[in-house]
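Novice: quick one: sequence and predicted model below, then my questions.
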Amino acid sequence: MTTVRRILLTTDLEPHSDRAMERAVQLARQHCAILTALYAIRTGAERKPLDNLPPHHIEAEMARHLEKIPGAADLPLVVVATGGPVGPSVARYADLWSADLLVAAGTDPTDGLGQTSTVEKIGVVARIPLLAVVDKPFAPYATALVPVDFSKLSRPALDAALTMVPDGVVKLLHVYDAPLVASLAGPESAEGSFAEDFIRLTDGLPLDERPVATSVRLGGPVEGIILESRMPPRPDLIVMGSAGRHGLGRALFGSTAHDVLEHMPCDVLIVPG
């Protein structure tokens, strides 16, 4: 993701979704993007009172919520209420509108323990970056933490971070485990190897104009990401590559992405591979 021209916001108009709506408006203004808000009408046990209204009434309620957000009044806004499961509905409209970015609430109180979260239902089928929002957006993103494993997923995540934080600090983080260090001549050799990997990862970027910080941490990937996110300057966005739709269970979304989303130390952007 190197440009953001069309943003697709998915919302259920519940209180927990307000911050995602505010962030979507802020990003649309920052990137001069068209913002579309999508409501997936629920059925069965998930049905809420609002789902019993005709679609055009739901769309009017969406527009009312959006227009109350500072800065939204002069944005090109589109609101749509449609039937069907949230994941496939979002994927369908993202393709239809050629969206560059999906925005959703990162936490949902109705998601039970052990259940697949709403944001994961979207992430499993999404083919474009998905931003899960938990923090109130007082300002544009200023710092981003990008966990990398130097696989093919790493460069798209870095590109997305530079797009989302065009004027702030971007830090690359590589978390390694003890067996890897033991297989090398020593810690200095490991650091040297990772330094070369960082250079290859950032090859072609104008680093003289936009320096990218790097960090290396020993431990498990999820614990390393959470710990690094608490180090100053604390990031207001974590950008991660995801393995995409392979395997079963957590592997559908990527186990590390799944676990980071469970903790959500800040907003998280998932970039599909």
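Specialist: Cool, got the structure.
Novice: mind listing the strands for this structure?
Specialist: Counting by DSSP state E, the chain has strands at residues 6-10, 34-41, 77-83, 101-105, 130-133, 143-147, 169-176, 213-218, 237-242, 267-272.
Novice: can you lay out those strands as CSV showing mean neighbour count, mean pLDDT and distance to G204?
Specialist: (Each C-beta comes from the backbone N, C-alpha and C, glycine too.) Shown next, in CSV, are these (neighbours: other CB atoms under 10 Å; pLDDT from 0 to 100; distance: least, CB to CB, whole Å):
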stretch, mean neighbour count, mean pLDDT, distance to G204
strand 6-10, 26, 95, 26
strand 34-41, 22, 93, 29
strand 77-83, 17, 92, 36
strand 101-105, 26, 93, 23
strand 130-133, 28, 92, 25
strand 143-147, 26, 91, 16
strand 169-176, 20, 86, 15
strand 213-218, 16, 82, 16
strand 237-242, 26, 88, 18
strand 267-272, 24, 90, 18
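Novice: including distance to P70, could those strands go into TSV?
Specialist: Formatted as TSV, these follow (distance: least, CB to CB, whole Å):
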stretch	distance to P70
strand 6-10	16
strand 34-41	14
strand 77-83	14
strand 101-105	17
strand 130-133	16
strand 143-147	23
strand 169-176	26
strand 213-218	32
strand 237-242	21
strand 267-272	19
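Novice: closest one to V25 among these?
Specialist: strand 34-41 (6.8 Å; CB to CB).
Novice: so which elements touch that closest one?
Specialist: strand 6-10, helix 18-31, helix 55-67, strand 77-83, helix 86-96 (3 or more CB pairs under 8 Å, 6 or more residues apart in numbering; DSSP states H and E).
Novice: buried deepest among the ones you listed, which one?
Specialist: strand 6-10 (a mean of 26; mean count of other CB atoms under 10 Å).
Novice: hmm, back to that, so which of the helices and strands packed on strand 34-41 gets nearest I238?
Specialist: Closest to I238 of these is helix 18-31 (CB to CB; 14.3 Å).
Novice: any idea of the angle that closest one forms with strand 101-105?
Specialist: Counting by axes from the mean of the first three to the mean of the last three CA atoms, to 10 degrees, helix 18-31 lies at 150 degrees to strand 101-105.
Novice: and helix 18-31 with helix 55-67, angle?
Specialist: Going by the same axes, to 10 degrees, helix 18-31 makes 70 degrees with helix 55-67.
Novice: just checking, what packs against helix 18-31?
Specialist: Against helix 18-31 (3+ CB pairs under 8 Å, 6+ apart) you get strand 6-10, strand 34-41, helix 55-67, strand 101-105, strand 130-133.
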